[in-house]
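1. predicted model, plus sequence, below.
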Amino acid sequence: MKLIIGLGNPGKKYEKTRHNVGWLVLDLLAENDKWQESKKAKAFEIKKEINDEQIELLKPATYMNESGFSAAYAFKKHNLTPNDVMLVYDDIDLPVGTIRVGKFDSAGGHKGVQSIIDHLKFNNFIRFRIGIKNNVTDKQPTEKFVLQKFGLIEKREINKALQKTVEAIKLALKEPLGEVMNKYN
């Protein structure tokens, strides 16, 4: 079993915002499957098979800073190892539409990622970071910027990045991480 966690915020208001790219990727992976709400996990989840691998897609239904609760619940429930966990999220330090795949040492200032690390008690899971930085990123508070919707020009780049991230995740389910990094970084 692999656990793929997409970071985002619940509610219509946040649906297509920069901070919700993790959820957008999981929606593409889900295809036409219906999300089930788990009150115990405080999350939306789908169990499915991708590339002959049993997967649980997990969208924490808490706000970003509390995402770790859902991740830890699913991690313990399925008795997983750090190698079974993948995390998809926005990265304000990468140009819009860029993706980076790998294992990273820190949360890089991302409160949702920090919550995951704090609750799981490890940081060596595979990460799929999607760039959201544009030419106005530094001109406004980060908290405001990440909760805005993408502009018209950005949407094209983001949609390509979401699709590439889905492809990268599917490849990571059957190939070593190094091959995925070589192809998508």
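-> Nice, I can see it.
2. what's the biggest helix by length in the chain packed up against?
-> Ranked by residue count and defined by DSSP state H, the top helix of the chain is helix 152-172. Judged by 3 or more CB pairs under 8 Å, 6 or more residues apart in numbering; DSSP states H and E, helix 152-172 is in contact with helix 21-30, strand 85-95, strand 99-102, strand 126-133, helix 177-184. (Each C-beta comes from the backbone N, C-alpha and C, glycine too.)
3. who touches that helix?
-> By CB atoms under 8 Å, 6 or more residues apart in numbering, the surrounding residues in contact with helix 152-172 are 4, 21, 24-25, 28-29, 50-51, 86, 88, 96-99, 101, 126, 128, 130-132, 134, 150, 179-180, 183-184.
4. pretty sure G131 sits against L94.
-> Yes - if you go by CB atoms under 8 Å, G131 and L94 touch, sitting 2.9 Å apart.
5. looking at those two, which one has more neighbours?
-> Shown here are G131 and L94; by other CB atoms under 10 Å, G131 has more neighbours (21 against 17).
6. how confident was the prediction at the more buried one?
-> Predicted confidence (pLDDT) for G131: 96.
7. contacting residues around it?
-> G131 neighbours (CB under 8 Å, 6+ apart): D90, D91, D93, L94, P95, V96, G97, T98, I99, R100, A161.
8. spatially central, which residue of this protein would that be?
-> By CA atoms, centre = their mean, the chain has its centre lying nearest to V88, at 1.8 Å.
9. next, T62: secondary structure please.
-> coil (DSSP: H, G, I helix; E, B strand; the rest coil).
10. tell me the phi and psi of it?
-> With angles defined as degrees, to the nearest 10, T62 sits at phi -90, psi 170.
11. what about the closest residue to it other than its chain neighbours? Give its phi and psi, please.
-> Spatial nearest neighbour of T62, chain neighbours left out: K42 (5.3 Å); criterion: CB to CB, 6 or more residues apart in numbering. Reported as degrees, to the nearest 10, the phi and psi values for K42 are phi 50, psi 50.
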